[in-house]
Structure formats: structure tokens, C-alpha cells
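Visitor: turn this into a model:
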Amino acid sequence: MTRALEQRTYWLLMLPAVTLLAAFCVFPLTKILWLSVTVPEPGFQNYYDILTRPLVHLIWMTTLRICVVTTAISIVFGYIVAYAMTTVGRDQRSMMMFCVLMTFWLSVLVRTFAWVMLLRGEGLINEGLMASGLISSPLALVRNEFGVVVGMVHVLLPYAILPIYSHMLGMDRRYVDAARSLGATPLKTFLLVFLPLSKPGIIAATLLVFIFALGFYITPALLGGGRVVMITEYIRVGFEDTLQWGMAATLAASLLLSVFLMLGLTARA
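Guide: As a prediction, this is how the structure comes out:
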């Protein structure tokens with residue numbers, strides 16, 4: 001009787017969360033999937049079109065290229081910062097953690113617009129380089145893939161630091177000490193012991209950063225300046241500008257499928 005009461009209480013407590021999830025997540029996703037196979041006419045023509053349309057292929061390749069580069073840079077710098085946080089003193093670690101968490105308090109729109117001001121032709125970076133005589137004309141640092149990657153790395157770097165740092169804190173450092181006591185150099189100890197032990201944190205951070213990068217909209221739209229179109233912006237164009245709701249919903253469904261496929265492959269690996 002007590003067991004049944006506990007189960008009933010558990011489901012009653014879960015009911016509000018499940019209801020909200022169904023209303024604001026499951027239902028909209030189902031609606032998107034329904035639009036993809038019913039607009040402009042019932043069938044799978046939209047899915048055939050995204051498989052055969054060269055423009056969609058180009059946008060997907062641009063999206064994947066930017067996401068891969070952004071993820072790689074974020075993981076490298078995130079690993080360096082996380083490793084440094086595990087080796088410094090307590091006060092320095094607290095300050096570094098504060099700086100990492102402080103980025104979550106700032107709007108992505110504000111940070112992206114700040115990068116536009118810094119990277120544009122009349123921005124601080126170009127003006128400083130020209131004043132120092134290193135360049136004679138402004139560099140193209142914005143409205144291209146370089147600017148998009150810079151902005152996305154800046155936003156996504158904390159998402160790479162925190163999972164890696166969390167895993168490093170839980171690692172058994174006795175393996176590192178054992179390797180050093182057996183005569184391994186610091187470099188060999190890092191490459192053969194510390195780095196393999198931190199691999200689960202790297203995988204988790206890579207997955208998290210890549211998924212966030214796939215769904216980015218504000219940063220590529222502002223720093224790309226209309227010249228770099230990622231899949232999310234093309235979906236927005238389909239819904240708001242060209243009113244091709246069926247095609248836009250199909251692209252959104254393909255994006256969702258890509259995330260689920262990546263999660264499945266990662267879990268299997």
C-alpha cells in the first residue's frame with residue numbers, strides 16, 4: 001500500500017512538468033513534422049527537395065563546416081582553461097570560475113553586437129592595426145565565416161570549459177603521480193595518462209558545443225551580415241520571407257533529426 005501511494009505521489013508531482021513539456025515542446029515539434037509532410041501538399045516531396053536542391057546542400061555544408069571549426073577551437077581553448085583551473089590555487093580558481101560564469105549573465109545579442117563593433121572596418125581592431133602600421137587597409141573580419149566563428153567561439157567557450165573542468169575535478173590523480181614516479185616526463189604523463197583520463201569530459205563538451213552551434217541564429221545572422229547563411233537563418237527565411245512553410249518545416253525536421261542521430265552515435269560509441 002505504501003509502495004502504491006509513493007508511485008501515485010510521484011506521478012502527481014511529475015504531472016505539471018509533463019504537461020508543460022507536452023504543451024510547449026512535444027506539440028510544437030509534432031506540428032512542425034506535420035507541416036513538413038502536408039504543406040504545400042501531402043507527401044514527402046519536401047524531403048526529396050532538400051535531398052536534391054543544390055542550395056540546401058551548400059547551406060548545410062556551410063553550417064557543418066562552421067560548426068566543426070567552432071567546436072574544435074572551443075574544445076582546444078576550453079581544455080586549456082579547464083586544465084589551468086585545476087592547477088591554480090583556490091583563490092585564482094574562484095576568480096576564473098567567476099569570469100566563466102559571468103558570460104552567462106550577458107545577453108548573446110549584446111556580445112554579438114560588441115564583436116560587430118570590434119571587427120568592422122572602422123572597429124577597434126582594424127583601427128589599432130592600421131595605427132601601428134601593420135596593415136594599410138582594413139581587414140575583412142566581419143560579414144564572413146571568420147567573424148561568425150569568432151563570435152560563436154566566444155559564446156560557446158563556457159559550454160566547453162565547464163564539462164571538461166567538472167570531469168577533471170573527479171579524475172583520480174594517483175595515476176598521474178604513479179606515472180611521474182615511474183620516470184615519465186611531464187609531457188608523456190599528460191599525453192599517455194592525463195589526456196586519456198579526461199576523454200569523457202572532452203566528448204561531453206564536444207557534443208554539447210556542436211549541438212548548440214547547429215542551432216545558432218543571432219550570432220551568424222549579425223556577424224555573417226547576410227553573406228554567411230546557416231541552416232537556422234534559412235529556416236527563418238522560409239517561414240517569414242518566402243512563406244515556404246513546408247520546406248522550412250522540413251529543414252527544421254532535418255536539423256532535429258541530425259541532433260538525434262548525433263546523440264545516438266555518441267551514445268553507441
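
Visitor: in which helix or strand would I find the nearest residue to Ile203 once chain neighbours are set aside?
Guide: Nearest-residue entry for Ile203: Thr266, 6.9 Å, with adjacent residues in sequence omitted and distances by Cβ to Cβ, 6 or more residues apart in numbering. For every residue, glycine as well, the C-beta is placed using N, CA and C. With elements taken from DSSP states H and E, the one containing Thr266 is helix 245-268.

Visitor: contacts for that helix, please.
Guide: Contact partners of helix 245-268, identified using Cβ atoms under 8 Å, 6 or more residues apart in numbering, comprise 29, 32-33, 35-36, 38-40, 46-47, 49-50, 56, 203, 207, 210-211, 214-215, 231-232, 234-239.

Visitor: what residues of that helix count as buried?
Guide: Judged by neighbour count (16 or more other Cβ atoms under 10 Å), helix 245-268 contains these buried residues: Trp245, Gly246, Met247, Ala248, Ala249, Thr250, Leu251, Ala252, Ala253, Ser254, Leu255, Ser258.

Visitor: tell me the gap between that helix and the middle of its chain.
Guide: Computed by Cα atoms, centre = their mean, to the nearest Å, the separation of helix 245-268 from the middle of its chain amounts to 15 Å.

Visitor: now it: mean pLDDT?
Guide: The pLDDT scores in helix 245-268 average 86.

Visitor: output it as CSV - backbone C-alpha positions only.
Guide: C-alpha atoms of helix 245-268 as CSV (Å, rounded to 0.1, in the frame of the first residue of the first chain):
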residue,chain,number,x,y,z
TRP,A,245,6.3,26.7,-44.6
GLY,A,246,6.6,23.2,-45.8
MET,A,247,10.2,23.5,-46.9
ALA,A,248,11.1,25.4,-43.7
ALA,A,249,9.5,22.8,-41.5
THR,A,250,11.3,20.1,-43.4
LEU,A,251,14.6,21.8,-42.8
ALA,A,252,13.8,22.2,-39.1
ALA,A,253,12.9,18.5,-39.0
SER,A,254,16.2,17.6,-40.7
LEU,A,255,18.0,19.7,-38.1
LEU,A,256,16.2,17.9,-35.3
LEU,A,257,17.0,14.5,-36.9
SER,A,258,20.7,15.4,-37.2
VAL,A,259,20.8,16.2,-33.4
PHE,A,260,19.1,12.9,-32.5
LEU,A,261,21.4,11.0,-34.9
MET,A,262,24.5,12.5,-33.4
LEU,A,263,23.2,11.8,-29.9
GLY,A,264,22.6,8.2,-30.9
LEU,A,265,26.0,7.7,-32.5
THR,A,266,27.7,9.2,-29.5
ALA,A,267,25.8,7.0,-27.0
ARG,A,268,26.7,3.9,-29.1
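
Visitor: so where's the stretch 101-250 of the chain uncertain?
Guide: Residues of the stretch 101-250 of the chain meeting the criterion pLDDT under 70: none.

Visitor: what helix or strand is Gly238 located in?
Guide: helix 231-240.

Visitor: from the chain's centre, how far out does that helix sit?
Guide: The answer for helix 231-240 is 19 Å, by Cα atoms, centre = their mean.

Visitor: look at Pro138 and give its secondary structure.
Guide: coil (DSSP: H, G, I helix; E, B strand; the rest coil).
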